[in-house]
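Student: sequence-free structure coming up:
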C-alpha cells in the first residue's frame, strides 16, 4: 500500500497563496489517478483536483477553478497543489490520494494520511 505524506499547509490571509506537497515515501507516484481532497470543518470530504496520468486530463472542483493548480514532479516522486487567491472557505484539512477518483471522496475503502491543515483568515 502506498504511503503518501502531505505537507505545506499553514495559516494565510485571504488572497494569499500556499503550495501543498504530497510525497510517496515507498512507491513511485506511478498511478493512474492522482488527486487532492479536502475536508472543511463540519463538512464531508470532497475532491478538489485530480490528474489522470495516462492522458493528462485534469479535474478541478468548480470552487477552485482558476485558483488551484495540480502538478506532478516524477523525478521527485512528488505531487503539488498550488493554492492561489485563497478564501476563508478553502479552510480545511487537505489530503492526497492515488488511484482514487475525485468523485469517490467518500469511498469507505479509501485510506487517508494525516493531511495538512490549511487555514485562511479574512
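Tutor: Sure, I can see it. These figures come from a predicted structure and were not determined experimentally.
Student: and residue 70, what does it touch?
Tutor: Neighbouring residues of residue 70 by CB atoms under 8 Å, 6 or more residues apart in numbering: 34-36, 49-51, 58, 60, 79-82. The way it works is simple: take the backbone N, C-alpha and C, and place the C-beta from them, glycine included.
Student: Would you mind writing the PyMOL command to select the buried ones in the residues you listed?
Tutor: This is the PyMOL syntax for the buried subset of the contacts of residue 70, where burial follows 16 or more other CB atoms under 10 Å:
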select buried, resi 34+35+36+49+50+51+60+79+80+81
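Student: Of the contacts of residue 70, which is the nearest to residue 21?
Tutor: Taking CB to CB as the measure, residue 80 is the one of those closest to residue 21, at 5.7 Å.
Student: Could you check how far that closest one is from residue 5?
Tutor: Residue 80 sits 13 Å away from residue 5, going by CB to CB, to the nearest Å.
Student: tell me, what's touching the two both at once?
Tutor: Counting by CB under 8 Å, 6+ apart, the residues touching both residue 80 and residue 5 are residue 22.
Student: For the nearest residue to residue 60 once chain neighbours are set aside, name its beta-bridge partners.
Tutor: Among residues not flanking residue 60 along the chain, residue 49 sits closest, at 5.0 Å (CB to CB, 6 or more residues apart in numbering). For residue 49, the beta-bridge partners are residue 36, residue 60 (DSSP bridges).
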